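**Q** Quick one, structure for this:
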Amino acid sequence: MLVFPNAKINLGLQVTEKLSNGYHAINTCFYPIPLKDALEFVPAKKKTSFNSSGSSIPSDGKDNLVLRAYKLLKKDFQLPEIDIHLHKHIPIGAGLGGGSADAAFMLKALNEYFQIFLDDSILEDYAAQLGSDCPFFISNQPALATGTGTELTPFELDLSGLYMVLINPGIHISTQVAYSGVRPKQPEHELSTILKSNDFGLWRDQLVNDFETSVFEKHLELAEIKSILYKNGAQYAAMSGSGSSIFGIFKDQPAEIAELKEKFFYQIMLL
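**A** From the prediction side, this is the model:
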């Protein structure tokens, strides 16, 4: 079975409090974008295996999230052995949720292929065991996320017909380090109200990613990328998640920005 896990961006990211368990509560809007990996599995002749191509996936000594998703379902259901291949195109550790998408799409693909008949709410519970971004990719529709990012509320937001320029400079920003630079606070502006306005001027003034201040202080080139996107006509630009990807939203198809394309991962896409 072949599926194509897609990335997401964060439209606004407010860090509202530090919880007693050490995690942080956030408000954000997850929005899916058409930047994709390719994930395939076939019946195995021997034991289950995992391999990958495309961008190199750094090892942290643990199974890849895709393999962990398979093992999570295998604990509760009689799944056969399979061979898994992941072609990695979404930049890694980039605030785009690529690994989370791969894991969630694996759960959905296993559910469909082996006819387990789990509904989305159950799949989301499994996905939450793999990562805070994972449940979003089960329904894979715009959603407001609160709590640690796993409490999802469907949100009507349609950016279709607009263009996005996505830049990833290849800078790895540890989530732990990113959170250490943020002082949690209650937001001045309601995230959903800003988004519903469809006013890019208001987005630019009030739709804030709380990580940007501290991350940009340490990585000045990220602030410069955002500035260049605005100079080239972006209606709204921001960092996604804890970084380091920067995106700009344009009303019309933008010309290529040579000073960015020559240096970084660079992609123009129609939303």
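**Q** got a pLDDT number for the residue positioned nearest the centre of the chain?
**A** When CA atoms, centre = their mean is applied to the chain, the residue found nearest the centroid is Gly97 (2.6 Å). pLDDT for Gly97: 95.
**Q** And for Ile249?
**A** Reported pLDDT for Ile249: 98.
**Q** and what of Ser20?
**A** Note on Ser20: pLDDT of 79.
**Q** what number of residues lie near it?
**A** Residue crowding around Ser20 was assessed by other CB atoms under 10 Å; the count is 6. For the C-beta atoms, the positions are set from N, CA and C on the backbone; glycine is no exception.
**Q** So it, which state does it fall into?
**A** Recorded secondary structure, Ser20: coil (DSSP: H, G, I helix; E, B strand; the rest coil).
**Q** same check, this time on Gly243
**A** Under three-state DSSP, Gly243 comes out as coil.
**Q** so what's the nearest residue to it once chain neighbours are set aside up against?
**A** Of all residues not flanking Gly243 in the chain, Ile173 sits nearest, at 4.4 Å (CB to CB, 6 or more residues apart in numbering). Applying CB atoms under 8 Å, 6 or more residues apart in numbering, we find Ile173 in contact with 93, 95, 215, 219, 242-244.
**Q** Equivalent analysis for Glu40, please.
**A** 1-3, 84-85.
**Q** same question, Phe4
**A** 36-39, 105.
**Q** Neighbours of Asn140, how many?
**A** Neighbourhood size, Asn140 [other CB under 10 Å]: 17.
**Q** name the helices or strands packed onto the helix of greatest length in the chain?
**A** In the chain, taking DSSP state H as the definition, the longest helix is helix 98-113. When contacts are defined as 3 or more CB pairs under 8 Å, 6 or more residues apart in numbering; DSSP states H and E, helix 98-113 sits against strand 2-3, strand 6-18, strand 38-43, helix 65-76, strand 82-88, helix 120-128, helix 136-139.
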